[in-house]
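>>> Return a 3D structure for these sequence lines:
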Amino acid sequence: MIDIADINLPDVVAEVRAAFALYEDALVHNKVDILDALFWNSPHTLRYGATENLYGYEAIAAFRASRPSQGLMRDLLRVEITTYGRDCATANCEFRREGSTRTGRQSQTWMRTAQGWRVVAAHVSLLE
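Numbers count the residues shown, from 1 in each chain. This is a model prediction of the structure:
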């Protein structure tokens, strides 16, 4: 059980914020190797995208390898990071792609692994 005092420990929030920033830079600049590295390499990892449901690291990596590299720039409108103890966190953001009026939402669950912080579940959706 997590003690309420262990939610949003400043040093852990800073670690996850740095991992999220690395992910965001890799996403908008199509640094596929970094994106792949930041997802937990496990069949339990999943990513629900705006148009796809991906189950397992291999499916996520295949999607990233085939995704177009244009039109990826976006503005983050709001980012909320919450940590639960020292090994689990969520990162949620609202965003708008360049040239679009639609607002998108991204949710990620992060877990500390021996290799560092990794995304274990993600969801991306667009509002009408």
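>>> Report the beta-bridge partners for the residue nearest the centre of the chain.
With distances taken as Cα atoms, centre = their mean, residue 108 lies nearest the centre of the chain, 4.5 Å away. Partner residues in beta bridges with residue 108, using DSSP bridges, are residue 91, residue 122.
>>> Against residue 124, how distant is residue 45?
Look at residue 45 and residue 124: by Cβ to Cβ, to the nearest Å, they are 15 Å apart. In this view, the C-beta of every residue, glycine as well, is placed from N, C-alpha and C.
>>> Which one's more surrounded, those two?
residue 45 (23 against 17; other Cβ atoms under 10 Å).
>>> Tell me who's in contact with that one.
With contacts defined as Cβ atoms under 8 Å, 6 or more residues apart in numbering, residue 45 is in contact with 39, 56-57, 60, 119-121.
>>> which non-adjacent residue is nearest it?
Spatial nearest neighbour of residue 45, excluding adjacent residues (Cβ to Cβ, 6 or more residues apart in numbering): residue 57 at 5.0 Å.
>>> gap between that neighbour and residue 103?
29 Å.
>>> And the two? Which one has more around it.
It is residue 57, of residue 57 and residue 103, that has more neighbours when counted by other Cβ under 10 Å, with 20 against 15.
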